[in-house]
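Peer 1: The sequence and its predicted three-dimensional model are supplied below.
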Amino acid sequence: MSDRPAADGLDDRSRPGVEEFVTAWATALHRAHYVPISAEQRRRIVAGLADRLVTAVLAEPGEPGGGRRIGTDLVAAGFGSPEALGGTIAVIGSRFLGELGITADPTIAARLNRLLADLAAGFTSAAHDLSLRAQDTVRLAALAARTQAEEALRVSEARFRRFATHDQLTGLPNLTLLTEQLGRLSAAQLPIDRVGVCCLDVDDFAAVNDVLGYQVGDLLLREIADRVGALTDRRIDLVARLDSDRFAILVRDTTCAGDAVKIADQALAALAAPFRVNGTEVPLTVSAGVAEGTVADGGAATLMRASEIALHWAKADGKATLRQFDQDRSNADAERYRLSAAMPAALRRGEFTAAYQPIVALRSGQLTGVEALARWQHPQLGLLSAARFIELAERTGLVVPLGRQLLEQACRQASRWQRVQPGLYVSVNVSVRQLRRNGFAGAVAQILDRTGLPPHLLQLEVTEQAVIDLTGIVTETLAALMKLGVRIVIDDFGIGYANLANLRSLPLHGLKLDASLTRSSAQPARRPGARRPGTDDDFLSTVVSLGHKLGLVVTAEGIETAQQARRLTATGCDNGQGWHFGRPVPPHEITARIVAQQHHDAVSPGTELPALPIQQR
Amino acid sequence: MERPDWAPADVDLSRPSVARAYDYWLGGSHNFEVDREFARQALAAVPDLRLVARANREFLHRAVRFMLDEGIRQFLDIGSGIPTVGNVHEIAQQVDPDSRVVYVDIDPVAVTHSTHILAGQPNAVALLEDLRHPEAVLDHPEVRRLLDLDRPVGLLLVSVVHAVPDQDDPYGLIRRLWTALAPGSCVAISHVTTDSRPDEMGEGARLSGRTNTPVTARTRTQVEDFFAGLDLVEPGVVWSPLWRPESSADVGEHPERMSFYVGVGRRR
Ligand SMILES: C[S@@+](CC[C@H](N)C(=O)[O-])C[C@H]1O[C@@H](n2cnc3c(N)ncnc32)[C@H](O)[C@@H]1O
């Protein structure tokens, strides 16, 4: 193993005792420190070192640095632990000279001591270096690990962010990103200060999913996303998918609403081309809502909401169309919503009352009846006329209890009036909803019972609409009411499409002509040779005589002037109603009028009572 | 919003790492003061912990040599730790330079260090993966590239299974791992127990709660159960020094003090 010439002509390895010494050293090392090598390998390494040790001790003069290198090599072979050094020093100190039969003269002893000192120094310095190297590497590893983790975090955060701000199906930005972007536009002091939001929504998309399956639905949504995403107008800031079938386009640098509408029109045009899935055409229409305005002071968030309100209008107005946000309409919507929401409590609190409008016999000018009209004594808004709330009540169904309450009030009032003017009738509006309910006729009978009003003095006004399609229940109710002896008249006659056949088949009492017929229109330009009633008067006479031919009493509404009253009288119309004869008023005013009329009749019978001064509004 | 599960792990150098403490017990210097502080506390509880670590490491080497003798040339070493003397690829490549080794650990520093050591080694890689996600390990492109799962693999789970608590279903995880391997594959497991030294090792296990990978010690039967479905190689599940020692001198008087149950199973 060693190529050094043997000192003193002696081969160190064959020196007696070397074997034993190597065994002792190898065992000490193995005990002190684990190196994953076989016992044989270990022995070979130790034998080489022992060999160099012998030479170093016996060499004359001593090889410089020999001991140091043995220490270094021990560490290099893997035996770098403090225990390995300790074991080595112990074995050499206690067994080296003895095992090898070397006499410990002072020179040898001193040389061995120096050798051990060198070995220890070499060992520790190598172990120290090794340690420092290990520290360097582990620090670098930690640094690298940290950088990698940060990089991975960055990548995953980017993925996470994309995931959080984009729609997975179409890849478009989602509501979160759109909202963020709007927020940015609001916050930033950018040269742009107006933006538009176009909200697009597929009409009846749920049906597509239901009938064709959501896979087809998804394909369509992707196609829609592609088409809208392909719009190239430079003012388009981003296209987002908000939720299932709703998309939005954010338009920047607008100067007016028209700019945003133009973009929405482009989108609708792009979506108007037929959609095909697997070769078959899927009919689709899209509605759009557009809002445009300033983004300053949180306007952006409002715009988003406004575009959705406009979209809602587009849907309500028949779909497949575009609506632009309009603050007045929105205010009116909101107002109506508030009223509608307040109504049930108002009904409980008794805020609904009736006002009564006179109906007079045109020929005599005598008061013959009154129409009861609903009024809402609103705590904040004051007295509201039926026009403000009846339609809402119809929509929510509240019209049913409201109508009944009104009916009862009106019957009770009319019953009272019988004492001052026997035969005065009261006319009350009845909604389709009420007619369609089971038991309406029964309820009317009970009210008549309770209030003591003779049935023929109650007149119910139903709309043309109510008798257009006479479904079973409506016909039954009407028949039951007539059997009670209650009069039924058609209200607002002449503006809808009354089924004339129904007019004949129903045992009606009369017709109320809509105010639009009563007021004279501008004389139509007469086309030469055209066969048509020459004047409004001709037309009115025709309608009135139609009513009479059917045996119906005809009442004209909306008479506002003496001239109109004369015209109507001339046509043979039976009764009149309108401001000319008196506005809707609280019941005591009607009472006063009755009393006044009776007084007048007593003084100068046969002359017409002048119209009362207008007392309300 | 909840963070999705592909968010990476953080590198927390203020917490002791078992990988680096183990390096310290084995006499290495790939560790930081925070690791050494923990390692010294553990030494106070278990004064011969260095020997325990060494006996475990020696088992790893004997198991690898056994598998090499069985003709196995590809190894999947999960919980490989900080590279130290006698890394698996070194031992395997002494026998066959074409041997392939995939190291897996959840300790990012251990993995970057391993990667550094393995630079220029075409047949060995280190991956940052988790024993608790066997499919992620098995389906890792590097695993697929280096290991041929149609041929026997040496699966090394040495001093790592006790890092998996019961609620993570260690039995199921290990079964999922070896069922993906070809017949003839071998599984080596070494596992901490408090059976022989309940007080000292119990304290050691308690201390491990401060590290990134706390320890769940298990009994002999519980360790044997990990080999259910495998053919246990002689001498079965035994104290670490007793598993096929090179010489009786290596065993020592109290092998039970080494507090590791070890064993090797073969897939039928
Ligand atoms: C004590 S070391 C063992 C090193 C080597 N296997 C040995 O026995 O010589 C334990 C290693 O397992 C790793 N470890 C702990 N839990 C792990 C998991 N769930 N997946 C992968 N490695 C894990 C630790 O990071 C640590 O490096």
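Peer 2: Great, that's in hand. Remember, predicted model here, so these are calculated numbers, not experimental data.

Peer 1: tell me the contacts of residue 137?
Peer 2: Let's take chain A. Residues near residue A:137 by CB atoms under 8 Å, 6 or more residues apart in numbering or on different chains: B:30, B:113, B:116. Where you see a C-beta, it was placed from the backbone N, CA and C, and this is true even at glycine.

Peer 1: oops, chain B please
Peer 2: So residue B:137 contacts B:76, B:78, B:104, B:127, B:129, B:130, B:131, B:143, B:177 (CB under 8 Å, 6+ apart).

Peer 1: Distance to chain A and secondary structure for those - can I get that in CSV?
Peer 2: Listed next are the contacts of residue B:137 as CSV, based on distance: CB to the nearest CB, whole Å; DSSP: H, G, I helix; E, B strand; the rest coil:
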residue, distance to chain A, secondary structure
B:76, 20, strand
B:78, 18, strand
B:104, 15, strand
B:127, 12, strand
B:129, 13, coil
B:130, 14, coil
B:131, 19, coil
B:143, 19, helix
B:177, 25, helix
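
Peer 1: tell me which of these is nearest to the ligand?
Peer 2: The ligand has its nearest neighbour among the contacts of residue B:137 in residue B:131, at 3.4 Å by CB to the nearest ligand atom.

Peer 1: Give the closest residue to the closest one in space, chain neighbours not counted.
Peer 2: residue B:78 (5.1 Å; CB to CB, 6 or more residues apart in numbering or on different chains).

Peer 1: beta partners of the one you found?
Peer 2: According to DSSP bridges, the partner residues bridging residue B:78 are residue B:104.

Peer 1: I'd guessed it sits against residue B:161; true?
Peer 2: No - in terms of CB atoms under 8 Å, residue B:78 does not count as a neighbour of residue B:161; the distance is 9.1 Å.

Peer 1: and whichever residue of the stretch 151-300 of chain A sits closest to chain B, what helix or strand is that in?
Peer 2: As assessed by CB to the nearest CB, chain B sits closest to residue A:152 within the stretch 151-300 of chain A, at 3.7 Å. Using DSSP states H and E, residue A:152 falls within helix A:106-165.

Peer 1: how far off helix A:106-165 does the next helix or strand after that helix point, in degrees?
Peer 2: The helix or strand immediately downstream of helix A:106-165 is helix A:175-187, counting by DSSP H and E. Orientation check (axes from the mean of the first three to the mean of the last three CA atoms, to 10 degrees): helix A:175-187 against helix A:106-165 gives 90 degrees.

Peer 1: Show me what helix A:175-187 is packed up against.
Peer 2: On a contact count with 3 or more CB pairs under 8 Å, 6 or more residues apart in numbering or on different chains; DSSP states H and E, helix A:175-187 meets helix A:106-165, strand A:194-202, strand A:236-243, strand A:246-252, helix A:299-316.

Peer 1: Just want the angle from the second one to helix A:299-316.
Peer 2: If I follow you right, that is strand A:194-202. Using the same axes, to 10 degrees: strand A:194-202 against helix A:299-316 is 30 degrees.

Peer 1: Give the pairing partners of strand A:194-202; include direction for each.
Peer 2: Short version: by DSSP bridges, strand A:194-202 pairs with strand A:246-252 (antiparallel), strand A:286-294 (antiparallel).

Peer 1: How much space separates residue B:253 from residue B:51?
Peer 2: Distance from residue B:253 to residue B:51, counting by CB to CB, to the nearest Å: 12 Å.

Peer 1: Between these two, which has more neighbouring residues?
Peer 2: residue B:51 (16 against 6; other CB atoms under 10 Å in any protein chain shown).

Peer 1: how far out from the middle of the chain is whatever helix or strand the more buried one lives in?
Peer 2: Using DSSP H and E, residue B:51 sits in helix B:49-69. Remark: helix B:49-69 is offset 10 Å from the chain centroid, using CA atoms, centre = their mean, to the nearest Å.

Peer 1: Could you see whether the ligand lies near it?
Peer 2: Yes - on the criterion CB under 6 Å from any ligand atom, helix B:49-69 is in touch with the ligand at B:56, B:57, B:60.

Peer 1: if we can go back for a sec, the helix holding residue A:152 and the ligand, are they touching?
Peer 2: No - taking CB under 6 Å from any ligand atom as the criterion, helix A:106-165 and the ligand are apart, separated by no less than 12.0 Å.
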